[in-house]
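# Compute the structure for the input listed below.
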Amino acid sequence: MTLQQLLDQGTEQLRSAGVPDAGLDARYLLLDTFGLGLASFLADRGRTVDGLPGGAEKTQAYEALIAGRAGRIPLQQLLGVQEFMGLEFYVNEHVLIPRQDTETLVELVLEERKQRDLDVLDVCTGSGCIAVSLARLGGYRSVTALDVSAEALKVAEKNAAALLGEYDGDFRLVQSDMFAGLETKGLQEQKPVEPDTSQEQTSGEPDAWQGRTAVKPAAAGELPCRLCVPCTPQFDILVSNPPYIPSQVIEGLEPEVRDHEPRLALDGSPDGLKFYRILASEGKRFLRPGAAVYFEIGWDQAQAVSALLEREGFTQIHTVKDMAGMDRVVGAILGAAADNGHQAPGRSWETVRTIQARPMEQGI
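All right, here's what the predicted structure looks like:
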């Protein structure tokens, strides 16, 4: 069997299983399994697989990947990578696969908050794609990323180690159910989280980064003391891509999402707004006056999320569309009204513009 025939066989198997872009996915899996670039494949596609180094083993591995994709396991999970903001992120079944829509949020923060002496908090970090991208591309003074899932934090840690080698700020991962990990009870007796040097490094060059950045996920209450002056840690930017899909909608999603991405990262309660309520009401305790918030939203949630922010005293509320023209990010500023607990007067939310995120490679 030649490489081309093997590809044709995989393509037909995926097509029969109803997989979208069957030919493209089969090709990505073949190139990855055999370690080929597209040019090399085109030059060698007439060669028999048995004549290639490790051909028999690689053929078996490819067939296993095709079977997985036919079972609607996402291509990105099979390959273990997804591009986001021009960076390659490791992904697995424990995290939501980064989407191009979310680049809208990162682009907006980078556009509106250019100062580097800012402290960023990312809630529901998942793979760390938002937090790591902001640290690397924004160069902010500190980035703290929270997630309730220990498995997700392992993925974020691996991505931070691989991508933040030149970042000279302070990057921290904290295991936390929303803001609970920022609580300051007993912080006077706690010490800064130190990098875990007992395990093998996750990339070839994280030494300098690990020396100045905590990569060990911290349990609730372990946020380093030096970030907690006075008692509650304060940030200049709050970002989040929380679970926002209404519970009853999830069953109608594509099987790649419904069956293979973590339900914890998808389910936003029956109305999809549970976590926005928490972000709006509790988040302001950890924000400095004038701090900015940026939340990814579902296409039909702009008005509801904006109303929640307005009710909590946020001002300058605005909605930004993604490249498809759908409402995707709500941003706002913590005003004086939020500081003293009074509702900001008047309605201030509006749709402002579309962020032109870079096109990503087709199929991944």
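
# tally of neighbours for residue 283?
As a burial measure, residue 283 scores 25 neighbours (other CB atoms under 10 Å). C-betas here are computed from N, CA, C, even on glycine.

# Sketch out the low-pLDDT regions of the stretch 101-250 of the chain for me.
Low-confidence segments of the stretch 101-250 of the chain, defined by pLDDT under 70: 183-231.

# Just the strands from it, written as ranges.
Along the stretch 101-250 of the chain, counting by DSSP state E, counting those that start in this stretch, strands occupy 119-123, 142-147, 170-175, 235-240.

# Leaving out chain neighbours, which residue sits closest to residue 16?
Among residues not flanking residue 16 along the chain, residue 70 sits closest, at 7.7 Å (CB to CB, 6 or more residues apart in numbering).

# coming back round to it: the strands of the stretch 101-250 of the chain: which one's closest to residue 315?
Nearest to residue 315 among the strands of the stretch 101-250 of the chain is strand 235-240 (14.7 Å), distances taken as CB to CB.

# list the buried ones in the closest one?
By 16 or more other CB atoms under 10 Å, the buried positions in strand 235-240 come out as 235-240.

# Reformat those residues as CSV; add distance to residue 178.
Formatted as CSV, those follow (distance: CB to CB, whole Å):
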residue, distance to residue 178
235, 14
236, 19
237, 17
238, 12
239, 14
240, 9
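
# Are there helices or strands packed against the helix ranked longest in the chain, and which ones?
Of all the segments of type helix in the chain, defined by DSSP state H, the longest one is helix 55-70. Packing partners of helix 55-70 (3 or more CB pairs under 8 Å, 6 or more residues apart in numbering; DSSP states H and E): helix 3-16, helix 22-34, helix 75-79.

# Just confirm residue 269 contacts residue 244, I think it does.
No - the pair residue 269 / residue 244 is not scored as a contact, 9.2 Å apart, by CB atoms under 8 Å.

# which residues do those two both contact?
residue 275 (CB atoms under 8 Å, 6 or more residues apart in numbering).

# now the strands for the stretch 251-364 of the chain?
For the stretch 251-364 of the chain, strands defined by DSSP E, counting those that start in this stretch occupy the ranges 287-296, 314-321, 327-334, 350-354.

# avg pLDDT for the shortest one?
Looking at strand 350-354 alone, the average pLDDT works out to 44.

# how much space between the residue nearest to residue 16 and residue 26?
With distances taken as CB to CB, to the nearest Å, residue 70 is found 10 Å from residue 26.

# who's in contact with the closest residue to residue 33 other than its chain neighbours?
Leaving aside its chain neighbours, residue 33 sits nearest to residue 62 (4.3 Å; criterion: CB to CB, 6+ apart). By CB under 8 Å, 6+ apart, the contact list for residue 62 reads 6, 10, 29-30, 33-34.

# What's the local residue count around residue 24?
16.

# Deepest-packed of the strands of the stretch 251-364 of the chain, please.
Burial of the strands of the stretch 251-364 of the chain is given as mean neighbour count (mean count of other CB atoms under 10 Å); strand 327-334 ranks first at a mean of 24.

# Return the distance of it from the chain's centre.
Distance of strand 327-334 from its chain centroid, counting by CA atoms, centre = their mean, to the nearest Å, is 17 Å.

# So which other helices or strands are in contact with it?
Other helices and strands packing on strand 327-334, by 3+ CB pairs under 8 Å, 6+ apart, are helix 100-112, strand 287-296, helix 302-311, strand 314-321.

# coming back round to it: looking only at neighbour counts, state which of residue 269 and residue 244 leads.
Legend: neighbour count by other CB under 10 Å for residue 269 and residue 244, higher for residue 244 (24 against 15).

# I'd say that one and residue 300 touch.
No - using CB under 8 Å, residue 244 is not in contact with residue 300, being 10.3 Å away.

# quick one: the helices in the stretch 151-300 of the chain?
207-212, 247-250, 255-260, 274-283 (DSSP state H, counting those that start in this stretch).

# Any idea which of those helices gets closest to residue 305?
Per CB to CB, nearest to residue 305 of the helices of the stretch 151-300 of the chain: helix 274-283, 5.0 Å.

# Tell me the buried residues in the closest one?
274-280, 283.

# Stretch 75-86 too?
Neighbour-count burial for stretch 75-86, with 16+ other CB under 10 Å as criterion, is recorded at 75-79, 82-85.

# Find residues that contact each of residue 70 and residue 26.
Applying CB under 8 Å, 6+ apart, one finds that residue 70 and residue 26 are jointly contacted by 13-14.
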